[in-house]
Structure formats: structure tokens, C-alpha cells
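J.: Need a 3D model of the following:
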Amino acid sequence: MLRAPVAPRPRKRSRPVEAGVPKCAEAKFEDVRIFLVERKMGSSRRSFLTQLARSKGFTVEDVLSDAVTHVVSEDIRASSLWTWLKSRAPPNLSTIRVLNIGWFTDSMREGRPVAVETRHLIQDVSPEVSPPTPVTTVSQYACQRRTTTENRNKVFTDAFEVLVEKYEFSDMEGPSLAFRRAASVLKSLPWEVRSLQATQHLPCLGEHTKAVMEDILQHGRSFEVERILSDEKYQTLKLLTSVFGVGPKTAEKWQRRGLRSLSDVLAEPGIQLNRMQQSGFLHYGDISRAVSRAEARALGSIIDEAAHAITPDAVLALTGGFRRGKEFGHDVDFIVTTPQLGKEGNLLSDVIDVLKRQGILLFCDHQASTFDMSKLPSHRFEAMDHFAKCFLILRLEGRHVDGGLHSDEGDSRGWRAVRVDLVSPPMDRYAFALLGWTGSRQFERDLRRFARLERGMLLDNHALFDKTKKEFLAATTERDIFDHLGLEYMEPWQRNA
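T.: Got it, this is the predicted structure:
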């Protein structure tokens with residue numbers, strides 16, 4: 001039996017690409033005329049973006065002509081894009097801004113043409129106009145790369161530092177270290193990374209780091225980083241660990257108890273804060289705020305005066321980020337000692353007593369020396385050295401600071417609390433302690449790694465041991481240590497790795 005033919009089902013009409021986009025508005029920005037490159041974008045997406053831009057008052061040209069001021073491409077492969085552009089040969093190509101889709105996205109979000117930044121540019125890589133090319137001799141070790149406070153790749157390193165923090169919160173040392181190393185390499189570059197192709201000879205950049213960079217190059221931001229920044233757990237852990245005395249494990253324990261704010265912690269009856277944490281909460285507003293170089297100098301004068309009141313030959317050195325040339329830091333680190341071996345043992349206690357009598361000691365955690373040369377060399381690096389040290393919170397009066405306190409507007413107290421760390425090594429260990437406490441963290445990590453892997457030596461804040469000769473190498477200056485390692489000396493301001 002023959003079946004009656006089935007009538008074909010009517011085909012569903014596809015929704016116009018422009019649906020949901022407002023109609024064209026009057027052109028608002030006469031000096032900006034955009035051309036969207038269809039290559040890699042596709043005609044449908046190009047049509048949608050054209051309507052979107054026009055609805056916000058932008059002028060979008062349908063053809064590439066000498067009227068165009070901004071070319072926007074989703075294809076960030078510079079060589080193929082510029083070859084295509086030159087084949088169209090608009091007379092004013094040299095004056096046209098050739099930009100990635102990130103500039104367009106930012107402009108649509110703001111409702112106006114945003115300023116063109118380096119991260120938006122797609123550079124011509126022809127032989128005539130070639131961006132700086134990395135040399136293959138960029139070292140994998142931060143101690144062989146000069147890194148100043150000038151960071152030309154901040155857009156990438158800021159993203160990496162969020163990932164470092166996220167992995168540290170999760171106690172994942174491997175990925176955290178990978179992003180630290182990648183950030184350190186990019187900070188050392190005297191040129192801006194404008195394409196992934198330019199990074200092919202750089203060390204320490206793995207697939208994950210390059211994927212984050214590609215996101216930023218193409219879209220102006222990392223979607224992975226944005227997800228982390230909006231994650232409630234990450235935000236909570238970041239907030240809680242910003243309190244002096246609260247580490248990642250304690251913060252996570254509190255977070256698991258449902259505590260989401262500092263007030264939640266203080267209101268929780270089952271939580272017993274230790275002395276350090278109590279002071280951290282008490283002075284949170286002050287010590288969570290940056291410390292200026294002028295404030296660091298003022299504190300140095302106060303501590304130097306206290307040390308010289310005890311012994312006329314006292315030696316004081318500012319270390320940490322301020323010694324590396326930074327203008328602001330989260331605390332201030334000093335080495336204080338005396339040339340008389342053995343006399344440094346009680347120096348910190350005496351300095352603390354002076355500060356206490358002056359009425360400026362708000363908190364003190366003093367740790368006596370456990371340094372024992374007979375237990376060296378140590379094959380296991382410890383984050384904290386064994387010298388006498390103390391972690392302080394000091395009251396700093398504004399009248400002692402050139403230019404006044406770096407404080408919040410409306411704060412009329414005339415003083416602020418500042419975190420200060422003091423360490424007191426024996427004078428024959430001074431060079432090692434000064435090198436270690438100057439940092440940066442990654443510079444020191446790579447310096448120890450270089451010593452171990454390239455020179456067969458063990459280095460820490462106490463000593464340098466030659467495993468081949470089986471002897472300790474003496475040093476009275478940091479330069480001596482660099483010489484022992486066969487490294488070119490780097491000034492402190494070149495160690496911001």
C-alpha cells in the first residue's frame with residue numbers, strides 16, 4: 001500500500017544576526033572611523049559588531065579607504081594581517097591605527113573611543129618596521145637578568161600575580177612557582193610583548209602562561225583571571241590574609257566556618273586570636289595601607305638613634321623593596337648589628353626597650369637567635385633564617401616624616417601604625433643577611449638555584465658553601481658573594497624580579 005507523500009516541514013527562519021541590537025544612532029565621534037576586518041571574524045559577526053558600534057554612535061566604514069582611522073581585527077597574527085592590509089594599499093596606511101578586538105570591546109563597554117594602549121596595537125612585523133625581538137640569551141635565572149622597577153609588561157604580570165596568589169591559597173606550589181617565574185621573565189624585558197611570536201625564545205613561559213597572554217593580547221583581559229577575581233572564596237582568603245598574623249591555612253579554616261568579613265571573625269565567639277592577630281585587627285586600617293619611602297626613612301632615623309644610644313658602633317641598613325628602589329611597600333625591613341662579634345645577641349632586646357620607653361612600641365614579637373654555624377651547611381632551605389629578629393608595629397608621628405604621613409584623607413590623628421621587621425646577624429654573616437633580606441623573593445630563589453645547579457654550592461642567608469672544595473667561602477660584601485658564584489654584580493635596584 002502506497003503512503004501519501006508527507007508535506008515537507010516548513011523551514012524555521014533563522015534569527016537575524018542584528019536582532020537585539022538597537023537601530024543606528026547619529027554619529028557622535030567624527031574623528032573615529034572604524035573598519036572591521038572580516039578575516040577570522042566572519043561576515044555574521046562583523047555585521048553584528050557593525051550594528052552594535054553604529055547604535056552607540058560610532059562610524060563604521062564598509063570598505064577600507066583613506067577615510068578609515070582605526071582598523072580592528074580579530075586575527076592577531078601580525079604578518080598575515082599586515083600582508084592583507086598592504087595588498088589593499090590604502091594611501092594612509094602608515095597613519096591608521098591597526099588594533100586588536102580588545103580596543104573595540106573596551107570602546108563598546110565605555111560607549112566612547114577609549115585611548116589606544118600598547119596592548120591594543122597589532123604591530124607591523126615587516127623588516128622595515130620590526131618590533132624588538134628577544135635574544136635567545138635571556139637567562140632562566142633571575143640573578144642573571146637585570147630587573148628594575150620599570151615594568152613594561154604589567155598587563156601580563158598583574159594577571160600572573162593573581163594566579164600565583166590563587167595557587168598559593170590552594171597550596172599548589174608547582175603552578176604558583178611557574179607563574180612567578182614567568183612574571184619574573186616578563187618584568188626583566190626592556191621591551192613590550194605585543195605578540196606571542198615575540199616570546200618564542202623566552203624561558204619559563206609554559207602553555208598555561210602563554211594561553212593567559214594570548215587571551216590578554218586578543219581581548220585585552222584574561223577571562224580566567226576575571227573568574228578568579230569574582231570568586232567569593234578567593235576574595236575572602238585575600239581579605240583575611242591581609243590581616244597581620246593570618247596565614248593561608250588559618251584564613252581557609254575561617255572561610256570554611258562561613259566567615260566572610262573581618263567583622264565576622266571578630267564577632268565569632270569560638271575564635272581565639274593570638275597576640276599578633278589581635279594587633280593585626282586593631283591596627284588593620286594603618287598597616288594594610290602602603291608605607292612611603294619618606295616614612296621608611298623616618299623610621300630608620302628613629303631605630304638608628306635607638307641603636308646608637310646602646311652602642312656607638314651600631315650598624316643599620318634599610319633592606320627589602322625600599323633598598324631596591326621602590327617608593328612604597330607594605331612594611332619596612334632593617335638589619336641592625338654591631339662589628340663586635342657576640343655583642344649583637346642582646347642588641348635587639350636593648351633596642352626594643354628603648355622604643356618601649358619612647359612610647360612608640362605597639363606590638364613586638366621577638367625571636368632570639370638560633371644561629372649555629374656547626375649545623376651548616378643546610379641542604380634544606382628554610383624561609384626564615386636563624387638570626388635574632390623581631391616583628392614590630394611602631395607608632396610613627398607625622399612630625400618626623402618629610403612631607404607628612406602617607407595617610408587617608410580625613411585622618412586627623414597625626415600618627416599612624418607601621419609594620420617594621422628587624423634582624424640582627426653577626427657581622428661576619430652581614431653580607432649574606434643583607435643579600436637575602438634585600439630580595440626580591442624570586443631573585444633570591446633563583447640565586448640559590450643557580451648556586452646549587454650551576455656552581456655546586458649551597459647559599460642561604462647565613463653562608464655560602466662550596467660542595468666541591470667542602471669549605472665555606474668568606475664574604476664581607478654582597479659583591480664578594482657574586483664573585484664567588486662567577487656572576488656579574490647587580491645593584492639592589494636591578495633585583496626587582
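J.: contacting residues for the closest residue to residue 448 other than its chain neighbours?
T.: In space, residue 448 comes closest to residue 459 once its chain neighbours are excluded; the distance is 5.1 Å by Cβ to Cβ, 6 or more residues apart in numbering. To be clear about C-beta, it is placed using only N, CA and C from the backbone, and glycine gets the same treatment. Taking Cβ atoms under 8 Å, 6 or more residues apart in numbering as the criterion, residue 459 is in contact with 432, 447-448, 451-452, 465, 481, 485.
J.: 10 Å instead?
T.: Residue 459 is in contact with 377, 381, 432, 435-436, 444, 447-452, 465, 473, 481, 484-485, counting by Cβ atoms under 10 Å, 6 or more residues apart in numbering.
J.: In strands, which of these fall?
T.: In strands, judged by DSSP state E, the following of the contacts of residue 459 are found: residue 465.
J.: Next, count neighbours for residue 449.
T.: For residue 449, the neighbour count with other Cβ atoms under 10 Å is 16.
J.: show me the contacts for it.
T.: Shown here is residue 449, whose contacts under the criterion Cβ under 10 Å, 6+ apart are 140-143, 381, 459.
J.: I'd like those residues as CSV, with pLDDT appended.
T.: Shown next, in CSV, are the contacts of residue 449 (pLDDT from 0 to 100):
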residue, pLDDT
140, 93
141, 94
142, 96
143, 96
381, 73
459, 96
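J.: Give me the PyMOL select line for those residues, limited to the buried ones.
T.: Isolation of the buried members of the contacts of residue 449 (16 or more other Cβ atoms under 10 Å) is achieved in PyMOL through the command below:
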select buried, resi 141+142+143+459
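J.: The contacts of residue 449: which two are farthest apart?
T.: 140 and 381 (18.6 Å; Cβ to Cβ).
J.: Closest one of the contacts of residue 449 to residue 355?
T.: Scanning the contacts of residue 449 for proximity to residue 355, where the rule is Cβ to Cβ, the winner is residue 381, at 31.5 Å.
J.: doesn't residue 447 make contact with the closest one?
T.: No: the criterion here is Cβ atoms under 10 Å, and residue 381 misses it with residue 447 at 11.2 Å.
J.: next SSE after the helix ranked longest in the chain?
T.: If each helix of the chain is counted by residues according to DSSP state H, the longest one is helix 293-310. Toward the C-terminal end, the helix or strand that comes next after helix 293-310 (DSSP states H and E) is strand 315-318.
J.: by contact count, what packs against that following strand?
T.: Judged by 3 or more Cβ pairs under 10 Å, 6 or more residues apart in numbering; DSSP states H and E, the packing partners of strand 315-318 are helix 293-310, strand 332-337, strand 415-424, helix 430-438.
J.: switch to 7 Å and redo it
T.: The elements that strand 315-318 packs onto, with contact taken as 3 or more Cβ pairs under 7 Å, 6 or more residues apart in numbering; DSSP states H and E, are helix 293-310, strand 332-337.
J.: right, and the helix or strand after that strand?
T.: Once strand 315-318 ends, the next helix or strand along the chain (criterion: DSSP H and E) is helix 320-323.
J.: tell me the mean pLDDT for that following helix?
T.: Confidence over helix 320-323 (mean pLDDT, whole number) is 97.
J.: so where do the helices sit in the stretch 251-400 of the chain?
T.: 262-267, 275-282, 284-287, 293-310, 320-323, 347-357 (DSSP state H, counting those that start in this stretch).
J.: Distance from the chain centre to the third one, please.
T.: In this case it means helix 284-287. Counting by Cα atoms, centre = their mean, to the nearest Å, helix 284-287 is centred 21 Å from the centre of its parent chain.
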